[in-house]
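Novice: with the input below, show me the fold.
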Amino acid sequence: MLGTVQVENLAKTYQTKQRKGIFKSESREVTALQGVSLDVRPGEIFGLLGPNGAGKTTLIKILTTLLLPTSGEARVNGFDVERDANAVRASVGCMLMGERGLYWKLTARENLIYFGALYHLNPTDRRRKTQEIIDLLDLGEIADRSVETFSSGQKMKLAFGKALINDAPLLILDEPTNTLDVPSASELRAVVRELNGRGKTIIYTTHIMAEAETLCNRVAIIDHGQLLAEGCVPDLKASLGRDSVTRIEGAISHTAAEAVRKLPMVTQATLSAVDGVSRLTVMSANGKDTLPRLIETLSNEGAVIQRIMPEDVTLEDVFIAKTGRTLAEDTTEK
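Specialist: All right, here's what the predicted structure looks like:
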């Protein structure tokens, strides 16, 4: 069925070389995906969430036939990614490499016409579709300039436009707002919503939880190559039960954070750094009742508290609860 993706027990491992001394190296196995299973339904925006190196891009490369899985199965628009690779590629629009997938000596218009030719669009349809994309993304003023003169944001918008040239029922967008400024990112998300409103199914990978929370119908959280949670955002938030969230900023040591973790009413406490300031995210059964004990415990451990922010549960809190760490603590995917 058009606009669907079925993934069953998908795994991917790599053999890499690790240098030992000047002349010696040893081979080791790196697992990028471990038994991932998920379904993407027609007409939805499905978010793949996780830090850089979590396995998101590996999964996307398998779904777009750029990588072969080690085991498991994946079907895209009814086609098997291994047996029907050409049919998969023809039925998907993808933005994977950002501006690196463009020809910088060509103009924006020439890039779009060229990629339309690769999808075997006839000359009339290529020109028509190219102009539609230029109008949709407001690229008219720069459409006939060479890409090498574009800003980074303009290149990313054109790379997004390239994913639309074959008018595929399924769009796969890998970190599409990466490197964009706030206004440009907001404009791109608005276009994503518009395309979804026209019936496009969209897989959207991001490590920005707030972005996924406002954009996606359902999300899957991936970390260390494993699928940790999947569902609509309200259900994932509700999965934390009645826990409340308190964020405390200041000078907080690991010893102080560990003391907070030992409090009986605290279910989780994660220490991170935000703009050079320590932030302790505390999940507890009742934030108001817990707060005096939190302050007392941190003060006894020498912490200096600058801000206390009781907050509603967010999607990032779900990630912290599932992984025990924040998005800032990236993994390394090799």
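Novice: next secondary structure after the top helix by length along the chain?
Specialist: Using DSSP state H, we find that the single longest helix of the chain is helix 182-197. Going down the chain from helix 182-197, the next helix or strand is strand 201-206, by DSSP states H and E.
Novice: can you give me the buried ones in the next helix or strand after that next one?
Specialist: Sequence-wise, the next helix or strand downstream of strand 201-206 (DSSP H and E) is helix 209-215. By neighbour count on 16 or more other CB atoms under 10 Å, the buried set for helix 209-215 is 209, 211, 212, 213, 215. Backbone N, C-alpha and C define where each C-beta goes, glycine included.
Novice: helix 209-215: how far from the chain's middle?
Specialist: 10 Å (CA atoms, centre = their mean, to the nearest Å).
Novice: and what of stretch 152-171?
Specialist: 17 Å.
Novice: host element of residue 246?
Specialist: strand 244-251.
Novice: partners of that strand, with directions?
Specialist: Using DSSP bridges, strand 244-251 pairs in its sheet with strand 277-284 (antiparallel), strand 304-311 (antiparallel).
Novice: so which of the ones you listed comes closest to residue 36?
Specialist: Within these, the stretch nearest residue 36 is strand 277-284; the backing value is 26.3 Å (CB to CB).
Novice: could you give the number of residues near the closest residue to residue 290 other than its chain neighbours?
Specialist: Sequence neighbours aside, residue 284 is the residue nearest to residue 290 in space, at 4.2 Å (criterion: CB to CB, 6 or more residues apart in numbering). Number of residues near residue 284 (other CB atoms under 10 Å) recorded here: 24.
Novice: pretty sure residue 284 sits against residue 244.
Specialist: Yes. Between residue 284 and residue 244 there is a contact at 6.1 Å, judged by CB atoms under 8 Å.
Novice: what's the separation between residue 201 and residue 43?
Specialist: 6 Å (CB to CB, to the nearest Å).
Novice: the two: who's more crowded?
Specialist: Using other CB under 10 Å as the criterion, residue 201 and residue 43 rank with residue 201 on top: 25 against 17.
Novice: now do the contacts for the residue nearest to that one when sequence neighbours are not counted.
Specialist: Residue nearest to residue 201 in three dimensions, not counting chain neighbours: residue 3, with 3.5 Å by CB to CB, 6+ apart. By CB atoms under 8 Å, 6 or more residues apart in numbering, the contact list for residue 3 reads 40, 41, 42, 43, 77, 169, 170, 199, 200, 201.
Novice: buried ones only from those residues, please, as a PyMOL command.
Specialist: Paste this into PyMOL to select the buried members of the contacts of residue 3, with burial taken from 16+ other CB under 10 Å:
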select buried, resi 40+43+77+169+170+200+201
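Novice: tell me the one of the contacts of residue 3 nearest residue 261?
Specialist: When the contacts of residue 3 are compared against residue 261 (criterion: CB to CB), the nearest one is residue 40, at 36.8 Å.
Novice: skipping adjacent residues, who's closest to the closest one in space?
Specialist: Nearest non-adjacent residue to residue 40 (CB to CB, 6+ apart): residue 5, at 3.8 Å.
Novice: relative to residue 223, how far out is the one you found?
Specialist: Taking CB to CB, one finds residue 5 at 20 Å from residue 223.
Novice: what about residue 239, how many residues nearby?
Specialist: When neighbours are defined as other CB under 10 Å, residue 239 has 14 of them.
Novice: from residue 247, how far out is it?
Specialist: Counting by CB to CB - residue 239 and residue 247 are separated by 20 Å.
Novice: need the residues touching each of residue 284 and residue 244.
Specialist: Common contact partners of residue 284 and residue 244 (CB under 8 Å, 6+ apart): residue 290.
Novice: ok, back up a step: list the buried residues for the longest helix of the chain?
Specialist: Using 16+ other CB under 10 Å as the test for burial, helix 182-197 gives 184, 185, 187, 188, 189, 191, 192, 195, 196.
Novice: residue 10 versus the third one, what's the distance?
Specialist: Computed with CB to CB, the distance linking residue 187 and residue 10 is 33 Å.
Novice: so what's residue 237 up against?
Specialist: So residue 237 contacts 313, 314, 315, 317, 318 (CB under 8 Å, 6+ apart).
Novice: swap that for residue 95, sorry
Specialist: 101, 159, 160, 162, 163, 171, 172, 173, 174, 176 are the contacts of residue 95 under CB under 8 Å, 6+ apart.
Novice: so which of the residues you listed sit within strands?
Specialist: 171, 172, 173, 174 (DSSP state E).
Novice: could you dump the contacts of residue 95 into CSV with pLDDT added?
Specialist: CSV is the format used below for the contacts of residue 95 (pLDDT from 0 to 100):
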residue, pLDDT
101, 86
159, 94
160, 95
162, 95
163, 95
171, 97
172, 96
173, 94
174, 90
176, 90
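Novice: just name the closest of the residues you listed to residue 72, please.
Specialist: residue 172 (18.1 Å).
Novice: follow-up on the earlier one: so can I have a markdown table of the buried residues of helix 182-197 showing distance to residue 278?
Specialist: Below are the buried residues of helix 182-197 laid out as a markdown table (distance: CB to CB, whole Å):
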| residue | distance to residue 278 |
| --- | --- |
| 184 | 31 |
| 185 | 28 |
| 187 | 34 |
| 188 | 33 |
| 189 | 31 |
| 191 | 38 |
| 192 | 35 |
| 195 | 41 |
| 196 | 39 |
